[in-house]
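In: Coordinates for the following, if possible.
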Amino acid sequence: MNDILPSGNVSIPVPHICMATSRITLPPLLVSRTLASQLLRFYDYPDPRRPGRIIKGYDGPHAVRTARMCAAVAARLGHPPARVKQYQIACLLHDLGRAGLDRHLFGRIWSWARAHGIPTRPREWRALHPDTRYGRETEAFVARYRAAMDDAGITLDSWACEQVEMRLGYARRLAARLRTVKPLLRELGVAWAPWMGRVMLYYYYPEKLEGAQPWVRQLAEVLVACEQFEAYSNQRRGRDYYVRRREDLSEAFAYLQTLQREQILSRLVVRALRELAAEGVFDGVLAQARGRALTARERAFLRRPEKE
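Out: The predicted model follows:
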């Protein structure tokens, strides 16, 4: 666990967006190392194909790095410390609906889907197939593509369907996993609030934030922005299922701009993330995600002021 939660972690307050800032080497981890480790164990999943065996959670460091970044951005945007700490717990668990991810099979399914122009998020699926019943995107995918995937050598058995559910049926899978985990969270002294689950769903289901208080919507946006920024720099994820040969910071920011144009992200959230990146706050987490130090050229790119 030490590679996930490095020693020397210090919770450092991040100034408000309009205040003068100081150099910060690591974004804050506001919960204890012990609690963070316990939360990450919730990603472990009983293997339905091999009774008695456990599938270890995939890429726990990604969850920790995302949670660190989210806390920094949320604090910069002025959210109160108690809320930011509770929010960081949700961020540590933001991929809980993917517990049991089979990186090889998941990668094969979704690489095939991308190669064939098939939507990978529920809202995109429904836009292309408006006749699909809400919440039944997984079933629609399986019915439509089972034969084609068989021809490609991918059998959509029950285990493969779970890998499809991890994207197109994420809300359903997350809800099931949370039902299992919530009693354990209470034992750990973690107070779970409904808004925490809602922010975890925002990337796949932005409609579920309709009517939410503005601060909840903003924290949901922060999670999407930070999670995607980390994922675009994550060498392991790029290799395992994004079919990516290299990590490119310009592509990461371009995708954030796309999400801003789609009104998934606000300009305020993107600006806060960019400012923190320009200050060097995220250099450490980006280096960890890439498995190497940032190059001088990459650091210079991050330090560039945002174009208005």
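In: What are the neighbouring residues in contact with the residue positioned nearest the centre of the chain?
Out: Nearest to the geometric centre of the chain sits residue 227, at 3.9 Å (CA atoms, centre = their mean). Listed by CB atoms under 8 Å, 6 or more residues apart in numbering, the contact set of residue 227 reads 66, 70, 94, 203. Glycine gets a C-beta too; all of them are placed from N, C-alpha and C.
In: Checking the first one next. Helix, strand or coil?
Out: Same thing as residue 66. helix (DSSP: H, G, I helix; E, B strand; the rest coil).
In: Please tell me how far it sits from residue 129.
Out: 30 Å (CB to CB, to the nearest Å).
In: of those two, who's got more company?
Out: Under the neighbour definition other CB atoms under 10 Å, residue 66 and residue 129 were set side by side, and residue 66 has more, 27 against 13.
In: Please name the residues that touch the more buried one.
Out: 91, 94, 223, 226-227, 230.
In: looking at these, which has the most residues close by?
Out: Result: residue 226 is most packed of the contacts of residue 66 (other CB under 10 Å), 29 neighbours.
In: re the thing from before, the contacts of residue 66 in helices, which ones?
Out: Counting by DSSP state H, the contacts of residue 66 place 91, 223, 226-227, 230 in helices.
In: Which pair in the contacts of residue 227 has the greatest spatial separation?
Out: Distances among the contacts of residue 227 were taken as CB to CB; the most separated pair is 70 and 203, at 12.7 Å.
In: Find residues that contact each of those two.
Out: 223, 227.
In: which one of those two has more residues nearby?
Out: The neighbour count for residue 70 versus residue 203, taken as other CB under 10 Å, is higher for residue 70 (28 against 20).
In: Please, which helix or strand holds that one?
Out: Element membership of residue 70 [criterion: DSSP states H and E] is helix 60-76.
In: how much space between residue 162 and residue 45?
Out: 10 Å.
In: domains in this protein, as residue ranges please.
Out: 33-100+174-303, 103-166 (automatic domain parsing).
In: mind checking the end-to-end distance for the longest one?
Out: Distance between the two ends of domain 33-100+174-303: 31 Å, counting by CA to CA, to the nearest Å.
In: Relative to the whole chain's centre, how far out is that domain?
Out: Centroid separation for domain 33-100+174-303 versus its chain: 4 Å, with CA atoms, centre = their mean, to the nearest Å.
In: start the count at 230, not 1, going forward
Out: I'll keep to 230 as the first residue from here, and by that count the last item is domain 262-329+403-532.
In: Shouldn't residue 254 be within a helix?
Out: No - under three-state DSSP, residue 254 falls outside any helix and is assigned coil.
In: Tell me the predicted confidence for the residue in the chain sticking out farthest from the centre.
Out: Seen from the C-alpha centroid of the chain, the residue lying at the greatest distance (CA atoms, centre = their mean) is residue 380, 31.8 Å away. As predicted, residue 380 sits at a pLDDT of 97.
In: how many neighbours does residue 504 have?
Out: Neighbour tally, residue 504, other CB under 10 Å: 16.
In: which residues in the stretch 330-479 of the chain form helices?
Out: 332-344, 351-357, 366-380, 387-397, 399-416, 423-430, 443-460, 464-469, 478-490 (DSSP state H, counting those that start in this stretch).
In: deepest of the ones you listed, which one?
Out: helix 443-460 (a mean of 23; mean count of other CB atoms under 10 Å).
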